[in-house]
Structure formats: structure tokens, C-alpha cells
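Peer 1: Have a look at this prediction, sequence included:
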Amino acid sequence: MPALENPKHERFAQALAKGKTADEAYDISGLEKVICEKPVGFYVYALIDPRNDHVFYIGKGKGKRYSAHYREFIAGSVTNSAKFNRIAEIASSGFKPQAVCLADGLGEWPAYSLERALIKMVGMEALTNSRPGQMSDLEKSAVMARYGLSRIMPFDQWIAKKRNSGRWIVSPEYDIDLYWSIVRDFREMAMAA
């Protein structure tokens, strides 16, 4: 599995995957524990069960998304039964889940990407997340572009053409500009034919 870009996030996720508590994972990783209060831009957060200090949910949000889970519980809105039940158990013990920001000040795409990577590293079985994260609209567009282009010519050949043209490609899977460059090239080829 590829390492996360931030080694502190990597160590934090690995510690959680080994069953460590949130405080133990913070100590191991060197991350600063930041309670979500006024996160900036898009952010990635974790919900912690205060009864045992275990992370039970990882999410991405903007604004006060981190507190929406408890508000949904109070309203009786069940969008994820495992998460709802965990919050109900916490509330019946007289506590509320603790929301901590793992990273903030992110753009939408990096927030989605970090959320997915953390969920994958920690493992769905250790969390109440119902999905392994989502893709941003930009990422969805890139996947659609790749699929459409690969129906015409294998995508690796498109990448090779770009490399041969002198364009440096760091990561073809996530280089959004690359997809649109290839789409423009294809459009020009189609117009010339």
C-alpha cells in the first residue's frame, strides 16, 4: 500500500490499524490533537469514542460537518446504522463523540483523497464508515475521461504519447491536467479528420 504524503498521517493511521487508542496514535505519530471547532476550508476529521478513546469514524467536511453526526442522532435520522448505534451507546453513557481535525485548510480533492487513504489504512472493519470514502467531482470527471479515452486507445498509449511529447508526468492516476490535455489532443485529432 502506498505511503501517505504526510508521514505523521501515515503513522497515525498505522497505529489505529494496530488497535491503538487515539491518544496512543497521536503520541506515536507526532500529530497534534486538534479538537474541531473552527476548521479552515475542507478538512479531514475523526470521531472518537470518549469511553475507550478509539476512533470509530473518519470523514471529510467543510464548515460544521464534524458535528452533523451528533445532530443527526439527536434528530433520529439514521443514514448509517453502525455509526448511529455507536453514537447512541456513547450518548446513553452520558458522553458525546469527540471530533478531532486531522488536517484542515485543504482543497476539496486533497480532502477526499486523504479521507479515502486514511479509511483504507485503518480498515473498514475498525470503523463505522459505510463507504471507503468518496471521489470529488473533478476525480469522477477524470475517471470518466480515462474510461472514454481508453475505449479509443489503451490509456497507457495516451500516457506514452504525452511522455514522448516532453510532458513530465508525476502520477498519471491523479494528474487531472493530464486528462484534460489528452481530451484536448483527442478533440483536435477528431476535428482534423
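Peer 2: Right, received. Where do you want to start?
Peer 1: Do me a favour and average the pLDDT over stretch 78-94.
Peer 2: Across stretch 78-94, the average pLDDT comes to 95.
Peer 1: Same question for stretch 58-74.
Peer 2: Average pLDDT, stretch 58-74: 95.
Peer 1: Now it: buried residues?
Peer 2: Of the residues in stretch 58-74, 58-61, 65-67, 69-70, 72-73 count as buried by neighbour count, 16 or more other Cβ atoms under 10 Å. No exception for glycine: its C-beta is placed from N, CA and C like everyone else's.
Peer 1: how long is that stretch end to end?
Peer 2: Taking Cα to Cα, to the nearest Å, the first and last residues of stretch 58-74 lie 20 Å apart.
Peer 1: ok, and what's touching it?
Peer 2: Residues outside stretch 58-74 that contact it (Cβ atoms under 8 Å, 6 or more residues apart in numbering): 36, 39, 41-47, 57, 78-79, 83-84, 87-88, 91, 96-97, 99, 101-102, 111-112, 114-115, 118-119, 122, 127, 129, 133-134.
Peer 1: Now the spatially most central residue of the chain: closest residue in space, sequence neighbours ignored.
Peer 2: Nearest residue to the geometric centre of the chain (Cα atoms, centre = their mean): Glu115, 1.8 Å. Spatially, and ignoring its direct neighbours in sequence, Glu115 is nearest to Lys60 (4.0 Å; Cβ to Cβ, 6 or more residues apart in numbering).
Peer 1: Neighbouring strands - and their directions - for the host helix or strand of that neighbour?
Peer 2: Assigned by DSSP states H and E, Lys60 falls within strand 54-62. If you go by DSSP bridges, strand 54-62 pairs up with strand 42-49 (antiparallel).
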